[in-house]
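Trainee: Give me the fold of what follows.
(2 chains)
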Amino acid sequence: MTNELIADLEWRGLLAQTTDRDSLLKDLGTGPVKFYIGFDPTAPSLHVGNLVVILVMRRFQLAGHLPIALVGGATGLVGDPSGRNEERTLNTESTVSKWVENIREQLSRFLDFDSAVNPAVMANNLDWTKSMSALEFLRDIGKHFSVNQMLAKDSVSSRLESGGISYTEFSYQVLQAFDYLELFRRQNCRLQLGGSDQWGNIVAGLDLIRKVEGGSGHALTIPLMAKSDGTKFGKTAGGSIWLDAEMTSPYAFYQYWINTDDADVERYLKVFSFKDHSELERLLDTVKVNPGAREAQRELAREVTSLVHGTDQCEKVEAASKALFGQGELKDLDIETLSAALSQLPKVTINRGEEFPTWVDLIAASGIVDSKSAARRIVKENGAYLNNEKIAGENFTPTEQNLIHGRFLILRKGKRDLASVEVL
RNA sequence: GGCGGGUUGCCCGAGCGGCCAAUGGGAGGGGACUGUAAAUCCCCCGGCUCUGCCUUCGAAGGUUCAAAUCCUUCACCCGCCA
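Mentor: All right, here's what the predicted structure looks like:
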């Protein structure tokens, strides 16, 4: 038995593990299946790592299935031990509930909630856990869990070896299992998706459903994104790449994608792009034939940035990138293009008539170096540029003559770190 | 509860009274090469009003001309014995 959706996911490298494959294929082939993915509020925003799973959700919806986006208002209060070797610090209820709202808003960008046929719905596990008493929980849910099995779960056993785990985090798998049970009961949800680190938690849910309701459901996990150089996907020296425009500017977001290694671009495109197979094959071919053109990276950056920040925003940052990294003279850019491009960068303003600060002071003020010492080091190491021209000497101070269109200066550190100065 | 070991810069980890802003590795940054890629090679990598000064070696006190290094107390971690 084959199924177009599953075959496609497999082609894209998005399948890690599933429960009984034939029966899953049968259900997916028979009609729309209700499925869910949970997102715990562990930060103010989702990040590009979450995007992998979110987009799989979108693929399921496009294939006609019914998504439930579950926000972990309850589980976020407890903390998932999966993939961590240390206990989490608990966040306050008000913090978590604020993050829940942010995550809801972000999820809503990727799913269709208004579809007449198969609209997505939101859920929050706080709804069925908040009012439950500890005694009810222990008697009705806890009774079905064998501690022996719970201890055997990777997420727990690895923690037992590395410094221990609190009762709170130990209970996490029970809470997540309970979620699946509730969604099974309330909405007839029969499939849970998640990152491959979630396998244990998902299966715990299936066990619970079998024991309590005698029912059965499916599990499907998605491989965790890895980079070819072994570093973590979605992280830079500056931290995570967030979906929130305040936390990671659309410009920085676009830059993250356009800087993708050749070695990774194929996997990324398959995971993040919604282009059809033949178009993807063509793009991947360009990587082999003319890697220098970086067409695949450009398309990847464009598609993901549009998806997350909208096509308007994407066009702006794309134009900015083109202008700032283009071969032409900055002076030749018209003022609208230039000022639009610069608006995407960290910015320092100085008042007209005031004396210009040194390059070092300006770049330090822009925040793209950590300290003035670091800024001086850059100059000493020959990585300091003003308007794309190298400057020499740490006392270098721009003058009126350097202003582009009488208003702007472009500071650059190294190859690609830019900031703008505007004289008002 | 008893005995012993540990806590060093973003991470790992040397140092065990002055030569220590502190060896080495990783991460990170700059340069060269190239393609806003990777690999490679070279350099840098606490801060500042920068030939000097200031703040760092779990915390607080103390000894000393001088402490990351010695002493005391406290906190946390890790072994062994109860």
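Trainee: Now do the strands in the stretch 51-200 of chain A.
Mentor: A:66-71, A:121-124, A:191-195 (DSSP state E, counting those that start in this stretch).
Trainee: So what touches the last one?
Mentor: By Cβ atoms under 8 Å, 6 or more residues apart in numbering, the surrounding residues in contact with strand A:191-195 are A:24, A:27, A:33-38, A:52-53, A:56-57, A:60, A:65, A:180, A:201-202, A:205, A:217-224. C-betas here are computed from N, CA, C, even on glycine.
Trainee: mind listing the strands in the stretch 251-400 of chain A by residue range?
Mentor: Listed in chain order (using DSSP E, counting those that start in this stretch), the strands of the stretch 251-400 of chain A are A:347-350, A:384-386, A:389-390.
Trainee: Pick the most buried one from these.
Mentor: Mean neighbour counts were taken over those using mean count of other Cβ atoms under 10 Å, and the top value, a mean of 22, falls to strand A:384-386.
Trainee: which stretches of the stretch 251-400 of chain A aren't confidently modelled?
Mentor: Counting by pLDDT under 70, the stretch 251-400 of chain A contains low-confidence ranges at A:327-328.
Trainee: Near RNA strand B, which residues of the stretch 201-350 of chain A are found?
Mentor: Residues of the stretch 201-350 of chain A lying near RNA strand B by Cβ under 7 Å from any atom of the strand: A:229, A:231, A:237, A:255, A:258-263, A:291-292, A:294, A:297, A:321-322, A:325.
Trainee: Tell me which of the strands of the stretch 51-200 of chain A sits nearest to residue A:156.
Mentor: Between residue A:156 and those, the tightest spacing by Cβ to Cβ is seen for strand A:191-195, at 17.0 Å.
Trainee: Give me the average confidence score over the closest one.
Mentor: Mean pLDDT, computed over strand A:191-195, is 93.
Trainee: What angle do strand A:66-71 and that strand make with each other?
Mentor: 50 degrees (axes from the mean of the first three to the mean of the last three Cα atoms, to 10 degrees).
Trainee: which residues of the stretch 51-200 of chain A score low on pLDDT?
Mentor: Counting by pLDDT under 70, the stretch 51-200 of chain A contains low-confidence residues at A:85-86, A:161-163.
Trainee: how about the nearest residue to the residue of the stretch 251-400 of chain A found nearest RNA strand B, chain neighbours excluded?
Mentor: Across the stretch 251-400 of chain A, the shortest distance to RNA strand B (Cβ to the nearest atom of the strand) belongs to residue A:383, at 2.3 Å. In space, residue A:383 comes closest to residue A:414 once its chain neighbours are excluded; the distance is 4.6 Å by Cβ to Cβ, 6 or more residues apart in numbering.
Trainee: Please indicate which of the contacts of strand A:191-195 are buried?
Mentor: A:24, A:27, A:33-38, A:52-53, A:56-57, A:60, A:65, A:180, A:201-202, A:205, A:217-224 (16 or more other Cβ atoms under 10 Å).
Trainee: I'd like to know how many residues surround residue A:355.
Mentor: By the criterion of other Cβ atoms under 10 Å, residue A:355 has 6 neighbours.
Trainee: ugh, wrong one, residue A:397
Mentor: Under the neighbour criterion other Cβ under 10 Å, residue A:397 is assigned a count of 16.
Trainee: can you pull the contacts of the residue lying closest to it once chain neighbours are set aside?
Mentor: Here the nearest residue to residue A:397 in space, its sequence neighbours aside, is residue A:358; by Cβ to Cβ, 6+ apart that works out to 4.8 Å. For residue A:358, the contact set (Cβ under 8 Å, 6+ apart) comprises A:394-397.
Trainee: coming back round to it: keep only those of the buried ones among the contacts of strand A:191-195 that are in strands.
Mentor: When DSSP state E defines the strands, the subset of the buried ones among the contacts of strand A:191-195 inside them is A:34-38, A:218-222.
Trainee: List just the nearest of those residues to RNA strand B.
Mentor: Nearest to RNA strand B among these: residue A:222, at 24.3 Å, using Cβ to the nearest atom of the strand.
Trainee: how does chain A divide up, domain by domain?
Mentor: Following automatic domain parsing, one finds the domains of chain A at A:2-222, A:225-329, A:345-424.
Trainee: would JSON lines of those domains with distance to residue A:338 be doable?
Mentor: As requested, the domains of chain A are arranged in JSON lines below (distance: least, Cβ to Cβ, whole Å):
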{"stretch": "domain A:2-222", "distance to residue A:338": "29"}
{"stretch": "domain A:225-329", "distance to residue A:338": "7"}
{"stretch": "domain A:345-424", "distance to residue A:338": "6"}
